[in-house]
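Peer 1: quick one, what's the 3D model for this:
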Amino acid sequence: MTAGSRPAAGVTIGLVVSLLLMLLLAASGCTVPQVQPPPAPTPEFRSESVGYDDRVVFRFIPDTSQPATYFVTYDITRNGNTVTSEVQAVYEGVVRSGPIEFTVERGPGDAVEIAITVVNADGVEVHMSRIAVRSGVGAENFTVESTREMRRD
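Peer 2: Numbering: from 1, shown residues only. The predicted model follows:
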């Protein structure tokens, strides 16, 4: 080819076709199939409260050995006054042998209560309950009140 001359039509078409093929191959490598993660577990939870002279221990135990992450909203009160509360606190690796647990100090005659909601990583409420532990003088006056709402599937 000399200066000012045009390339042959076959060369131009071949070049365009080659470029289009390269674009198609590059574009096909860019699309990654979307893989959905498995759904978060929705085990049943059971609650447990243990009263001692100086403290109360609340446990919320999933019926599974599969570790999972949960978002926990709770309010703990002693004699009607808030001791601690959190909204959507993250608890990771929760299993039957490693439950969600709270220990609250108390004195003689104190009433300790917890209201709790547990949500899995998909946003599904898996547990909601309110537990009150009240004691008077002597073990015969020790009472535990518990209310539980069924989870919403």
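Peer 1: and the helix or strand that contains Val94, what does it pack against?
Peer 2: For Val94, the host element (DSSP states H and E) is strand 81-94. Packing partners of strand 81-94 (3 or more C-beta pairs under 8 Å, 6 or more residues apart in numbering; DSSP states H and E): strand 68-78, strand 100-105. Every residue, glycine included, has its C-beta placed from N, CA and C.
Peer 1: so where's the chain uncertain?
Peer 2: For the chain, the stretches with pLDDT under 70 are 1-32, 136-153.
Peer 1: all strands for it, in order.
Peer 2: 45-51, 55-62, 68-78, 81-94, 100-105, 111-120, 125-134, 143-149 (DSSP state E).
Peer 1: next, the buried residues of the first one.
Peer 2: By that I understand strand 45-51. 45, 47, 49, 51 (16 or more other C-beta atoms under 10 Å).
Peer 1: can you redo those residues as a markdown table with distance to Arg59?
Peer 2: A markdown table is the format used below for the buried residues of strand 45-51 (distance: C-beta to C-beta, whole Å):
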| residue | distance to Arg59 |
| --- | --- |
| Phe45 | 10 |
| Ser47 | 7 |
| Ser49 | 8 |
| Gly51 | 13 |
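Peer 1: related to what we said a few turns ago, looking at the helices and strands packed on strand 81-94, which is closest to Ala132?
Peer 2: strand 68-78 (8.9 Å; C-beta to C-beta).
Peer 1: what angle separates that closest one from strand 125-134?
Peer 2: Between the axes of strand 68-78 and strand 125-134, defined by axes from the mean of the first three to the mean of the last three C-alpha atoms, to 10 degrees, the angle is 30 degrees.
Peer 1: who are the packing partners of strand 68-78?
Peer 2: Strand 68-78 packs on strand 81-94, strand 100-105, strand 111-120, going by 3+ C-beta pairs under 8 Å, 6+ apart.
Peer 1: of these, flag the one that's most buried.
Peer 2: strand 111-120 (a mean of 20; mean count of other C-beta atoms under 10 Å).
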